[in-house]
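# what follows is a predicted structure for the sequence shown.
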There are 2 protein chains.
Amino acid sequence: MTRNSDEQASDQGREPNDVVRTTRRGFLAGSLAMGGVIGVGTDIAAADRTMGESNSNPRLFRFVGGRIGGWVVRSSRAVIGEGLPSVERLDLGSGTTAIPDGAKWILRGVTSNPRYTTRTEKEQLVRKQAALGRPEATLSALIPIRKSAKWWELTQDERRDIFESQSKHTTIGLKYLPEIARRLHHCRDLSEPEPFDFITLFDYAKADESAFDDLLAALRATAEWKFVEREVDIRLERAS
Amino acid sequence: MTRNSDEQASDQGREPNDVVRTTRRGFLAGSLAMGGVIGVGTDIAAADRTMGESNSNPRLFRFVGGRIGGWVVRSSRAVIGEGLPSVERLDLGSGTTAIPDGAKWILRGVTSNPRYTTRTEKEQLVRKQAALGRPEATLSALIPIRKSAKWWELTQDERRDIFESQSKHTTIGLKYLPEIARRLHHCRDLSEPEPFDFITLFDYAKADESAFDDLLAALRATAEWKFVEREVDIRLERAS
């Protein structure tokens, strides 16, 4: 329960043997799915995987707003910039999960290695945090954000300084563990253009909803948040 | 000529106005291209962009090995782990460039924000480095690498320590500027599974070929390279 869910996801399909075994086939299928119009050469013809759904980064997740899904949308609010079209339900799945009928929007992101966490911080996080999906966590929030070009032009030391030394991002988050569980997804370096840079999915029990609001208020007051140019706050409740 | 080509690529299509303007359409089209089987809802029907080629991260590049392309393959060597099928030519293009006939393999990667560079290092790099494509740079090298699961389980401070404090990655690279130009592409967080984590494209004049070999030898002798589990070294010459 206390293992870092990001790290778990990061491990999927990355065992060296696995990678060696699937390498040739994997990248050829990937290319085919992307190129669309590719000519069939000797080696490419050997890629017998079908195009599309099954050809997905094992760390890819997709979030579908529409009228079908395991989470009821209680509210959707544009915090900074443009919102998202309102929908009744959210469907969560991996990159290979079929898209339900009636989808109004789809967001996607991959779990990846943390970009700022130190060993000391990681040990604190792993010791305290819970993975998503606890039975009592009947409330959830999906919060996609985009940071400004100015943020991305900063160097690693400058971003780390703002993220932690100035904004205490990890320190703030730690205070709310293990009650608030979360999984971070990166969208900026996907193959297709995405409207957000990050998507964070949180879950928590009803009793912890006000703590979650406090967490968000604390983060939104930081120096780091001055670089957020779009943020949507979608609150969810597990469908019974 | 001395501007950081990675940074230039990172800026493309990331102007805030641009993003705001294309957001809705962009992410809907992206989703369609990915999902394949999506049902047509009200908002999705509004996404009038065609699927496939034109729907690409503006920082995405693809490298196609086959029999057509602007670069003649002089050699292809598996340095660590499995090699790549031998081909006559390499075709370089952005994510939207059509794939030529006879492609044997396709690799893809996105330019992104540097993960380890400090402000001081960035200023040194920007002052000295050249962008790819100088007329005298008739030789090129494409070097895809994959790092081990062990590398990706390290925290940011540990990776930075190995990358620079122990291995002097940037310090070594700086010695070979501006003669050796390079552009780094990230593959690990693309939407599809990729066989490599990074692809670096270098170019240089014939007179600098032995300097380039020295650079690679220096990097391959570092502590960082103990985490490289696959590396292919493809040498190219501009087709006349």
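Good, I have the coordinates.

# whichever helix or strand A:Ala218 is part of - contacts with which helices or strands?
In this structure, A:Ala218 sits in helix A:209-220 according to DSSP states H and E. Contacts defined by 3 or more C-beta pairs under 8 Å, 6 or more residues apart in numbering or on different chains; DSSP states H and E place helix A:209-220 against strand A:139-147, helix A:169-175, strand A:198-204. Quick note: C-beta positions are derived from backbone N, CA and C, even for glycine.

# how about 7 Å then?
Packing partners of helix A:209-220 (3 or more C-beta pairs under 7 Å, 6 or more residues apart in numbering or on different chains; DSSP states H and E): helix A:169-175.

# can you show me the CA trace of the helix it packs on as PDB?
Written as PDB, here are the backbone C-alpha positions of helix A:169-175 (Å, rounded to 0.1, in the frame of the first residue of the first chain):
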ATOM      1  CA  HIS A 169       6.100  21.200  -3.400                       C
ATOM      2  CA  THR A 170       7.200  17.800  -1.900                       C
ATOM      3  CA  THR A 171       7.200  19.100   1.700                       C
ATOM      4  CA  ILE A 172       3.600  20.300   1.300                       C
ATOM      5  CA  GLY A 173       2.500  17.000  -0.400                       C
ATOM      6  CA  LEU A 174       4.100  14.900   2.400                       C
ATOM      7  CA  LYS A 175       1.900  16.500   5.000                       C
END
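
# show me the contact partners of that helix.
Helix A:169-175 is contacted by residues A:Thr117, A:Glu121, A:Gln124, A:Leu125, A:Lys128, A:Phe163, A:Glu164, A:Leu215, A:Ala218, A:Leu219, A:Thr222, A:Glu224 when judged by C-beta atoms under 7 Å, 6 or more residues apart in numbering or on different chains.

# can you tell me the SS state at the residue positioned nearest the centre of chain A?
When C-alpha atoms, centre = their mean is applied to chain A, the residue found nearest the centroid is A:His185 (2.1 Å). Per DSSP: H, G, I helix; E, B strand; the rest coil, the local secondary structure of A:His185 is strand.

# just list whatever residues bridge to it.
A:Ile199 (DSSP bridges).

# my guess is it contacts A:Gly95. True?
No: the criterion here is C-beta atoms under 7 Å, and A:His185 misses it with A:Gly95 at 10.8 Å.

# quickly list what's touching both of those two.
Applying C-beta under 7 Å, 6+ apart, one finds that A:His185 and A:Gly95 are jointly contacted by A:Phe61.

# you'd agree A:Ser75 is in a strand?
Yes: the assignment for A:Ser75, made by three-state DSSP, places it in a strand.

# tell me who's in contact with it.
Residues in contact with A:Ser75, defined by C-beta under 7 Å, 6+ apart, are A:Arg235.

# gap between it and A:Leu201?
Distance of A:Ser75 to A:Leu201, given as C-beta to C-beta, to the nearest Å: 16 Å.

# ramachandran angles for A:Gly95?
phi -60, psi -20 (degrees, to the nearest 10).

# just to revisit the earlier point, which ones among the contacts of helix A:169-175 map onto helices?
Judged by DSSP state H, the contacts of helix A:169-175 include A:Glu121, A:Gln124, A:Leu125, A:Lys128, A:Leu215, A:Ala218, A:Leu219 as members of helices.

# now those residues in CSV, with distance to B:Ile234 and pLDDT?
Below are the ones in helices among the contacts of helix A:169-175 laid out as CSV (distance: C-beta to C-beta, whole Å; pLDDT from 0 to 100):
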residue, distance to B:Ile234, pLDDT
A:Glu121, 39, 98
A:Gln124, 43, 98
A:Leu125, 40, 98
A:Lys128, 46, 98
A:Leu215, 48, 98
A:Ala218, 50, 98
A:Leu219, 45, 98
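
# between those residues, which sits nearest B:Val79?
In terms of C-beta to C-beta, no member of these lies closer to B:Val79 than A:Glu121, at 34.7 Å.

# what's the pLDDT at the nearest residue to that closest one once chain neighbours are set aside?
Distance criterion C-beta to C-beta, 6 or more residues apart in numbering or on different chains; nearest residue to A:Glu121, sequence neighbours excluded, is A:Thr170 at 5.1 Å. pLDDT, A:Thr170: 97.

# what's the answer for the one 5 residues further on, then?
In the prediction, the pLDDT value recorded for A:Lys175 is 98.

# one more: A:Ala78?
At A:Ala78 the predicted local confidence, pLDDT, stands at 98.
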